[in-house]
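Chemist: my questions concern the predicted model and sequence given below.
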Amino acid sequence: MNRFILPAGVFVLLVAVLAVGIQRAPNKTVIPSALIGKPAPQYLLPVIASSSPLQAVQFDSRSLAGRWHVVNVWGTWCPECRVEHPVLLDMAREAALPIIGLDWKDDDMAARRWLESLGDPYDVVVADREGRTAIDFGVYGAPETFLIDDRGVVVHKHVGAMTPAVWQRDFLARLPARAATTGGSP
Amino acid sequence: MIPELGHFALILAAWVVIAQSAFGLAGPAFARERWIAAVRPAVFTQFALQTAALAALMYAFVTNDFSVQYVAQNSNSALPVGYRIAAVWGAHEGSLVLWGWILSCWTLAVALRSRSLPEAFAARTLGVLGLVSLGFVTFTLATSNPFLRLQPAAPDGRDLNPLLQDPALASHPPMLYAGYVGFAVAFAFACAAMIEGRLDQTWARWTRPWTTIAWAFLSVGIALGSWWAYYELGWGGYWFWDPVENASFMPWLVGTALIHSLAVTEKRGLFKSWTLLLAILAFSLSLLGTFLVRSGVLVSVHSFAADPTRGIFILTFLVLVIGGALALYAWRAPLLRSEAGFEFTSRESFLLFNNILLVVAAAAVFAGTMAPLISDALGLGTLSVGKQYFDPVFLLPTLPLIALAAVGLHSQWKRGRVAARRGAILTTAAIGIALTLALMLGVWGGAKLLTPIGFALGLWLIASSFVDPIDRVRRGIRLTPAIVGMAIAHVGLGVFVVSITAVESYTSERDLALAIGESGRVGAFEYRLDGLRRVEGPNYDAVRGTVTVLEAGKPVVTLYPEKRNYFVQRSVMTEADIHMQLSRDVFAALGEDLGGGRWSVRAQVRPLINYVWLAAFLMALGGIVAASDRRYRRAEGEA
């Protein structure tokens, strides 16, 4: 009576897959972005804060063409973003490459207060008030950090708070030797 | 004190539930009448205890007891009382308490309404339900206790996620859980039947109303969630193939198959082992959905704090419950043979194809949802599956399903006399095609290839739904609730198909940049921004726009979209304003301040979109009407 055992057999396979999945769940909290290896989404968003006094009201992602850069998705409502903030400041001090802050579903004033009190690691902070750009990036929750190469292709995505180890291993290590020097303030 | 009492009640409930399942399963096995007699009191007690636990948690929320960690994380003193209650299920821990309580309600209902069932069978059913309850109560106690105290107590709470501060979403989880958990009843009936090794047509008659009501709840729950996503998230759609949406949709598809398969088992004594398998699958998929959402194995917009211990617990539970049921199935199902045969174009045959197509559709959704996980587990790298996969793969089995339903509604049990009904079939098809032409030529104009197909199939199905009731009235046969309910549900499905076709084919949308006094065109409409002002809510402040929509120069409606800023969670929410009409939705959402007095305004006009959800409610209504049929109550009386 094979056909009656079949469902149980399928279920055993399924459990095996789920068991493997759960083994991996702790070190892999989300499915990595489908964007990896694909062009990063374009965006034109209002600027909240910028390191350059000449920055316009709107920031166009196309102005980053030809440069390796990092997009960090954050919000003042996000506790983990506060945790990773000092790490971002250290990253900015090394100034290996520009960091774009995508302030996700946030209040502009709260974001400015946050940057004033905690320090501003970003070259530009843009406001994604509706969360449309975050959706384009496939963001599940803040913080998330994307490494984008000089052709505008997403190279890596990190989910959760940035740490010095992750920054060294997953970001800096992926940079070509030259990029670290050709980066800079946009 | 009250939270501790709630915690204690839950611990007691775990022990009572153990007694419920031990007596329920062992009583009939050892033929001990006293043990069997103890089952119902155990059910009443565990219901009372779980009610107390839920009430204690609600009390902590209503009284703003921020010394309870879960309350501090999910509520706030500025939150209106209604949402403080809804905040109970605003996160994982409270959802589980609610889940457990709803299961105890279903168990209570079975205990009260099964007095006419054979005692041993009722005891076994309640015993199996007890095992499921045990899993949920121990899961709550072991990994997700909502009664834990916070030392020191928080001065105020972190507030409920603003996304959830909405009436539809506040009622979405209870409805959904009522559906999920309701399938546990069909599951328990199936297990009890397999333990007894006996499954007759009376069994199917007992199981049918429970399954249909659970299915109706699930339909409403899914529709509420989808409706909420539409008007609250302002994404402008009704379905996103998100893993959690899929997790609720798979049990719905299998549950729909089960309802139809049960009909065949009841009327003709056929498909017995298949019906059992569907009953197991519908509940298994509900549990699997829980596992996927709560374990962090798959993450979606709905994701709860992922915790591997929780995942391992649910996986173990899954193995015990589903594995146990499937093992029982492998052992016992061969005993339950169906005797009768049927002709190829009989109703049985149509329902068989209905079942195959629904299960294929569920399998396609399952494959798409699980593919990322399987590919990862096999080390094939990661994968993400979206609309490009789901839309065509889902349409492939469901389009023929609608056509089949339209013809199948004309068919009769046992005999393949569809040819004799050729007149009615052709008439309804002609009505469908005529209305399609009228819609496409007269109202909206041409569109994609699937547009006429969708309209024609949906309208044909609606027309066919009326054939059987009309035929009965003509022949002077009384219309039973079962027949009326079936017609309503199928009309609902037809309306669903038509409305989705219209929305997919004829939506017009644009993002406008408007200063006050300016206007922009969207399709046949003109959107004019007339003003912006600041308004205050209880726990937010907002910018409210005044947008007048004109059609052919005449104002149709004034919309007030808002951008809300919630104080405590420091998050901004877009409250789109939608003018809902039966014929179309006129939608405006306030985007961002573009500077220079200009705001971006998202403008959309969607024809018939409300019918998508109305159709789901219609299907649910059909289910409830059908389940109210006297036949089921009489079945109890006779048994």
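Modeler: Arrived safely.
Chemist: what residues does residue 167 make contact with?
Modeler: Using chain A. A:87, A:91 (CB atoms under 8 Å, 6 or more residues apart in numbering or on different chains). All C-beta atoms are positioned from the backbone trio N, CA, C, and that covers glycine.
Chemist: oops, I was thinking of chain B
Modeler: Contacts of residue B:167 were listed using CB under 8 Å, 6+ apart, and they are residue B:82.
Chemist: pLDDT score for it?
Modeler: On the pLDDT scale, residue B:167 is placed at 81.
Chemist: now do the phi/psi pair for it.
Modeler: Per-residue torsions, residue B:167: phi -60, psi -40 (degrees, to the nearest 10).
Chemist: tell me the secondary structure for the nearest residue to residue A:156 once chain neighbours are set aside?
Modeler: The shortest distance from residue A:156 to any non-neighbouring residue, by CB to CB, 6 or more residues apart in numbering or on different chains, is to residue A:147 (4.2 Å). Three-state assignment for residue A:147 (DSSP: H, G, I helix; E, B strand; the rest coil): strand.
Chemist: so residue A:147 sits against residue A:153, correct?
Modeler: No - Residue A:147 lies out of contact with residue A:153 (CB atoms under 8 Å); the separation is 9.8 Å.
Chemist: looking at those two now, which is surrounded by more residues?
Modeler: The residue with more neighbours, out of residue A:147 and residue A:153, is residue A:147; 22 against 14, by other CB atoms under 10 Å in any protein chain shown.
Chemist: please enumerate the strands of chain A.
Modeler: A:44-50, A:58-60, A:69-74, A:99-104, A:124-128, A:144-148, A:154-159 (DSSP state E).
Chemist: now residue B:24, what's its secondary structure?
Modeler: Per three-state DSSP, residue B:24 ends up helix.
Chemist: pretty sure it sits against residue B:119.
Modeler: No - at 10.8 Å, residue B:24 does not count as touching residue B:119 under the criterion of CB under 8 Å.
Chemist: can you check which residues contact both of those two?
Modeler: The contact sets of residue B:24 and residue B:119 overlap at residue B:36 (CB under 8 Å, 6+ apart).
Chemist: so the two - more neighbours on which side?
Modeler: Comparing residue B:24 with residue B:119 by other CB under 10 Å, the one with more neighbours is residue B:24, at 30 against 15.
Chemist: for the residue nearest to that one when sequence neighbours are not counted, pull up the helix or strand it's in.
Modeler: In space, residue B:24 comes closest to residue B:127 once its chain neighbours are excluded; the distance is 2.4 Å by CB to CB, 6+ apart. Using DSSP states H and E, residue B:127 sits within helix B:119-143.
Chemist: check which helices and strands that helix sits against.
Modeler: Secondary-structure packing of helix B:119-143 (3 or more CB pairs under 8 Å, 6 or more residues apart in numbering or on different chains; DSSP states H and E): helix B:2-29, helix B:33-62, helix B:92-113, helix B:167-196, helix B:308-318.
Chemist: now the shortest one against helix B:119-143, angle please.
Modeler: Looking back up the chat, that one is helix B:308-318. For helix B:308-318 against helix B:119-143, the angle by axes from the mean of the first three to the mean of the last three CA atoms, to 10 degrees is 170 degrees.
Chemist: now do helix B:308-318: which elements does it pack against?
Modeler: helix A:2-24, helix B:119-143, helix B:272-295.
Chemist: any chance of those helices in a markdown table, plus distance to residue B:259 and mean pLDDT?
Modeler: Formatted as a markdown table, those follow (distance: least, CB to CB, whole Å; pLDDT from 0 to 100):
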| stretch | distance to residue B:259 | mean pLDDT |
| --- | --- | --- |
| helix A:2-24 | 20 | 81 |
| helix B:119-143 | 19 | 94 |
| helix B:272-295 | 9 | 86 |
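Chemist: now tabulate these in a markdown table and tack on distance to residue B:433.
Modeler: Converted to a markdown table, these look like this (distance: least, CB to CB, whole Å):
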| stretch | distance to residue B:433 |
| --- | --- |
| helix A:2-24 | 41 |
| helix B:119-143 | 48 |
| helix B:272-295 | 34 |
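Chemist: so which of those helices gets nearest residue A:91?
Modeler: Closest to residue A:91 of these is helix A:2-24 (CB to CB; 27.5 Å).
Chemist: now do the buried residues in the closest one.
Modeler: Neighbour-count burial for helix A:2-24, counted by 16 or more other CB atoms under 10 Å in any protein chain shown, picks out A:4-5, A:7-8, A:11, A:14-15, A:17-18, A:20-22.
Chemist: which one of the residues you listed is nearest to residue B:508?
Modeler: Closest approach between the buried residues of helix A:2-24 and residue B:508, by CB to CB: residue A:21, at 41.9 Å.
Chemist: surely that closest one meets residue B:375?
Modeler: No - Residue A:21 is not in contact with residue B:375 according to CB under 8 Å; the separation is 10.6 Å.
Chemist: who's in contact with the closest residue to residue A:65 other than its chain neighbours?
Modeler: Distances taken as CB to CB, 6+ apart place residue A:152 nearest to residue A:65, at 6.2 Å, with adjacent residues excluded. By CB under 8 Å, 6+ apart, residue A:152 lies in contact with A:39-40, A:64-65.
Chemist: what backbone torsions are found at residue A:152?
Modeler: Here is the backbone geometry of residue A:152 (degrees, to the nearest 10): phi 80, psi 20.
Chemist: do you know how far it is from residue B:404?
Modeler: 48 Å (CB to CB, to the nearest Å).
Chemist: next one: residue A:150
Modeler: Separation of residue A:150 from residue B:404 (CB to CB): 55 Å.
Chemist: tell me which of these two has more neighbours.
Modeler: Neighbour count, other CB under 10 Å: between residue A:150 and residue B:404, residue B:404 has more, with 19 against 16.
Chemist: which residues touch the more buried one?
Modeler: B:350, B:353-354, B:357.
Chemist: swap in 10 Å and give it another go.
Modeler: By CB atoms under 10 Å, 6 or more residues apart in numbering or on different chains, the contact list for residue B:404 reads B:349-351, B:353-354, B:356-357, B:411, B:461.
Chemist: which among those residues end up buried?
Modeler: Buried among those (16+ other CB under 10 Å): B:349-351, B:354, B:357, B:411, B:461.
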